[in-house]
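In: Please work out how this folds:
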Amino acid sequence: MEVVPFEKLVQRLHGLHGNATLGGTEPRVVVSGNFAAPHTLVKALEEALEQCRVFQLNTQEARRHRPGFISETPFVGPGMRHDPQLDYLPMRLSLVPRLFAQMRPPDAVLLHTSLPVQGKVSLGVEVNILPAAIERTRARGGLVVAQMNPHMPYTYGDAEVAVEDIDCAVEVDEPLASPQDKGRDDAAETIGERVAAFGLDGTTLQLGIGLIPTVAAGKMSRLRNLRVWSEMIGDGVLVLDRAGALDPHRVVITSFLFGSPELYQWANHNRMLYMARTETVNDPARIAAHPAMLSVNAAMQVDLFAQVNASYVNDHIHSGFGGQPDFVIGALHSVGGHAVVALHSWHDKTDSSSVVPILKNPATSFQHSAVISEHGCAEVFGRSQHAQAQLIINQVADPRARVELSEAAASLGLQRDLD
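Out: Numbering: from 1, shown residues only. This is a model prediction of the structure:
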């Protein structure tokens with residue numbers, strides 16, 4: 001690994017050439033996502049190239065629009081949602097490594113890492129798809145670049161990368177960003193309590209992004225010997241650890257961190273945290289192998305067929321499948337497992353019901369154990385479609401929407417003797 005000045009990095013990136021596989025001949029560059037975006041490297045990329053395909057997960061900050069820069073992703077973050085050049089790839093996160101190997105191989109990888117420790121750097125808070133991207137890029141003779149930062153925590157497992165696997169690096173000194181604290185509300189507290197009721201001593205947890213999974217984790221702090229096998233972890237896991245709720249003999253397994261500076265400090269050189277690559281963490285068979293797996297995910301809409309939308313808003317892509325379908329499937333095949341989806345019953349911004357007769361957009365996941373709102377819990381697993389619809393209307397929907405939903409259920413053939 002050669003540490004280079006910014007100007008030389010621009011020169012190295014200027015020499016990138018694209019491949020002739022699906023997606024065009026622009027060079028494809030995989031970039032650390034979520035709150036690990038390497039801003040200095042992205043700036044160098046923009047100075048070096050006129051055309052590029054930038055592959056990044058859950059981009060948080062909007063980049064300056066460049067006509068020749070195409071944003072590729074299977075999970076859209078706020079920084080990409082309004083990009084006119086967005087190329088959304090609808091697929092489960094667990095399959096992205098296969099995508100790199102077969103159809104969209106990367107020409108370069110831009111990483112945000114820790115400082116070197118004994119010949120290795122750490123990917124810190126963001127592992128995800130990056131090990132697969134590094135391996136594929138090196139196999140093709142591409143360029144692997146690191147932005148080394150003393151503020152990036154040193155995490156273990158698949159996060160560790162040998163310095164000889166990195167072609168060049170630049171040094172920066174900048175604090176990591178964190179998600180905005182949006183506060184709590186009474187509905188989220190109630191929903192969190194209902195979700196937590198599915199947890200038992202020894203349960204293995206998967207907690208999705210959002211307020212409700214974080215609140216639910218806090219409500220389970222009374223439990224003991226909890227295990228964590230989750231695509232991401234936030235401050236809810238920190239609360240569980242401080243409460244003594246985690247199994248002291250089991251490491252926390254995750255792929256990326258999405259939380260506060262305190263969470264990043266907790267992660268630094270923490271041997272009880274193992275950062276694993278996406279194709280391991282999101283493998284439904286591995287998820288199912290954990291007894292009493294509890295998958296907790298948020299959603300924006302649910303319909304009367306118990307289909308969930310966590311991807312679209314107003315007919316436009318908002319996020320993507322992510323790991324939700326991987327964990328829903330895995331949890332339902334776990335012995336004693338549950339897949340719970342939770343949401344507020346009413347969207348205040350649009351003054352509309354979160355429960356709809358039938359989704360207009362593609363479903364993110366379906367066939368859950370239960371659907372929960374502040375009004376109740378609809379345990380839908382094993383029920384007929386008619387019973388599912390009635391439970392969702394009576395237990396999940398806002399009272400303001402129930403008459404209209406009941407009429408819609410009748411027109412959809414979902415009202416008859418229930419079982």
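In: need the helices for the chain, in chain order.
Out: Under the criterion DSSP state H, the chain carries helices at the ranges 6-14, 39-48, 96-102, 130-139, 186-196, 211-219, 235-242, 261-267, 278-281, 284-288, 324-332, 385-391, 402-411.
In: Please name every helix or strand in contact with the first one.
Out: Right, the one you point to is helix 6-14. helix 39-48, strand 143-148, strand 168-171 (3 or more Cβ pairs under 8 Å, 6 or more residues apart in numbering; DSSP states H and E). No exception for glycine: its C-beta is placed from N, CA and C like everyone else's.
In: My guess is residue 156 contacts residue 123. True?
Out: No: using Cβ atoms under 8 Å, residue 156 is not in contact with residue 123; the gap is 10.4 Å.
In: excluding its backbone neighbours, what's nearest the spatially most central residue of the chain?
Out: Closest to where the C-alpha atoms of the chain average out (Cα atoms, centre = their mean) is residue 322, at 5.3 Å. Nearest in space to residue 322, with sequence neighbours left out and distances taken as Cβ to Cβ, 6 or more residues apart in numbering, is residue 75 at 5.1 Å.
In: list the contacts for that neighbour?
Out: 33, 57-58, 93, 319-322 (Cβ atoms under 8 Å, 6 or more residues apart in numbering).
In: What's the local residue count around the closest residue to residue 51 other than its chain neighbours?
Out: Residue nearest to residue 51 in three dimensions, not counting chain neighbours: residue 68, with 3.8 Å by Cβ to Cβ, 6+ apart. For residue 68, the neighbour count with other Cβ atoms under 10 Å is 12.
In: ditto for residue 94
Out: 26.
In: Need the per-residue pLDDT for it.
Out: At residue 94, the predicted lDDT confidence score is 96.
In: got the contact list for it?
Out: Taking Cβ under 8 Å, 6+ apart, we find residue 94 in contact with 278-279, 282-284, 323, 326.
In: Tell me how the protein divides into domains.
Out: Following automatic domain parsing, one finds the domains of the chain at 2-171, 186-411.
In: chain center to the longest one: distance?
Out: Mean-position distance between domain 186-411 and its chain equals 12 Å (Cα atoms, centre = their mean, to the nearest Å).
In: what does the first one give?
Out: How far domain 2-171 lies from its chain's middle: 17 Å, per Cα atoms, centre = their mean.
In: ok so, going back, can you tell me how far the residue nearest to residue 51 is from residue 397?
Out: 47 Å (Cβ to Cβ, to the nearest Å).
In: cool, and residue 409?
Out: Distance of residue 409 to residue 397, given as Cβ to Cβ: 11 Å.
In: ditto for residue 251
Out: Residue 251 is 40 Å from residue 397, by Cβ to Cβ.
In: More neighbours: which of those two?
Out: residue 397 (25 against 18).
In: okay but the more buried one is in contact with residue 405, surely?
Out: Yes: with contacts counted by Cβ under 8 Å, residue 397 reaches residue 405, the gap being 5.6 Å.
In: Need the overlap of contacts for those two.
Out: 353, 355.
In: show me what contacts residue 281?
Out: Neighbouring residues of residue 281 by Cβ under 8 Å, 6+ apart: 229-231, 253-255, 323.
In: how close does it get to residue 380?
Out: For residue 281, the distance to residue 380 - Cβ to Cβ - is 26 Å.
In: cool, and residue 278?
Out: On the measure of Cβ to Cβ, residue 278 and residue 380 end up 29 Å apart.
In: likewise residue 11?
Out: 58 Å.
In: quick one: which of those two has more around it?
Out: When neighbours are counted by other Cβ under 10 Å, residue 11 and residue 380 differ, and residue 380 comes out ahead with 25 against 12.
In: Report the contact partners of that one.
Out: 306, 368-371, 387-388, 391-392.
In: residues near the closest residue to residue 96 other than its chain neighbours, how many?
Out: Setting aside the residues directly before and after it, residue 96 is nearest to residue 129 in space (Cβ to Cβ, 6+ apart), at 4.7 Å. Applying other Cβ under 10 Å, we find 30 other residues in the vicinity of residue 129.
In: again with residue 250
Out: Counted by other Cβ under 10 Å, the residues lying close to residue 250 total 16.
In: re earlier: make CSV from the domains of the chain and add distance to residue 180 to it.
Out: Listed next are those as CSV, based on distance: least, Cβ to Cβ, whole Å:
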stretch, distance to residue 180
domain 2-171, 10
domain 186-411, 11
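In: do you know how far the nearest residue to residue 116 once chain neighbours are set aside is from residue 380?
Out: Spatial nearest neighbour of residue 116, excluding adjacent residues (Cβ to Cβ, 6+ apart): residue 163 at 5.7 Å. Going from residue 163 to residue 380 by Cβ to Cβ gives 51 Å.
In: got it, and residue 7?
Out: From residue 7 to residue 380 the distance is 59 Å (Cβ to Cβ).
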